[in-house]
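A.B. asks: Quick one: sequence plus predicted model below, questions after.
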Amino acid sequence: MLTAPQIPAERLAALRDRITVASREAGRDPGSITLIGVAKSQPLERVRSALDAGLCDLGENYVQEARAHFDALAGRGFRRHFIGALQANKTRDAARLFDWVHTVDRARIAERLSAQRPDAMPPLSVCIQLRLGDEPTKAGVAPAGLAALAEAVAGLPRLRLRGLMCLPPAESEPALQRRWFAELRRLLERLNAAGHRLDALSMGMSGDFEAAIAEGATHLRIGTALFGERD
């Protein structure tokens with residue numbers, strides 16, 4: 001039984017209100033922003049409750065956990081996003097299970113996803129993950145390698161390159177949070193100026209999503225603020 005502060009329906013409504021306020025302050029349409037509920041290590045009861053309340057997008061960090069969730073939630077219509085580090089031995093399952101993969105950071109992963117995406121499914125939407133701040137513990141391509149990787153991914157037949165994703169260094173001040181998100185936005189604008197047609201900025205989590213909205217985020221990846229603390 002969920003206690004009142006844990007009810008995802010209430011948390012979802014509160015999050016949507018905050019997204020609306022932040023969007024309007026930034027002069028943006030709240031409808032242009034996708035809220036992805038991050039199900040990592042969350043009880044299935046909470047995930048199901050959020051979907052019942054109208055959550056349309058679910059994010060997963062682990063392929064095996066995602067498969068279990070999707071089997072248990074069979075028949076429900078929601079978009080499936082992979083947002084974790086993707087190993088080469090998991091690409092076949094990822095290519096079949098998900099609508100989006102946000103964490104492509106090298107050509108080999110993209111090539112495997114394209115080759116393993118079933119022909120009967122639409123092209124897999126992907127984002128390239130950037131490593132900002134040069135943190136060695138985080139995945140992602142360095143900005144210097146972005147243009148070459150974007151060209152490689154864009155040329156693959158079963159993928160659709162949609163945009164960029166980042167896990168920036170943790171900051172507590174909104175101005176510092178915005179600095180990293182602005183850097184990702186500028187990188188996307190640079191790619192579009194070179195001929196790409198990217199429309200997605202996957203950035204912003206529970207502690208910084210309002211700063212991300214101010215800098216153009218289109219996809220927010222939110223776990224704790226929606227589902228509560230993980231068990």
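C.D. replies: Everything's here; your move.
A.B. asks: per-residue confidence at residue 21?
C.D. replies: Residue 21 is assigned a pLDDT of 98 by the prediction.
A.B. asks: wait, I meant residue 1
C.D. replies: Looking at residue 1, its pLDDT reads 38.
A.B. asks: Low-confidence stretches in this protein?
C.D. replies: Along the chain, the model assigns pLDDT under 70 to residues 1-6, 231.
A.B. asks: What ranges does it have for its strands?
C.D. replies: With strands called from DSSP state E, the chain shows them at 34-38, 57-60, 79-82, 100-104, 124-130, 159-166, 200-202, 219-222.
A.B. asks: In a markdown table, list those strands along with distance to residue 110.
C.D. replies: (Each C-beta comes from the backbone N, C-alpha and C, glycine too.) Converted to a markdown table, those look like this (distance: least, C-beta to C-beta, whole Å):
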| stretch | distance to residue 110 |
| --- | --- |
| strand 34-38 | 21 |
| strand 57-60 | 19 |
| strand 79-82 | 13 |
| strand 100-104 | 5 |
| strand 124-130 | 7 |
| strand 159-166 | 6 |
| strand 200-202 | 16 |
| strand 219-222 | 19 |
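A.B. asks: Could you export those strands as CSV, including mean neighbour count and distance to residue 112?
C.D. replies: Shown next, in CSV, are those (neighbours: other C-beta atoms under 10 Å; distance: least, C-beta to C-beta, whole Å):
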stretch, mean neighbour count, distance to residue 112
strand 34-38, 24, 23
strand 57-60, 23, 18
strand 79-82, 22, 13
strand 100-104, 26, 10
strand 124-130, 26, 11
strand 159-166, 23, 11
strand 200-202, 25, 20
strand 219-222, 25, 23
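A.B. asks: Thanks again, I'm all set now.
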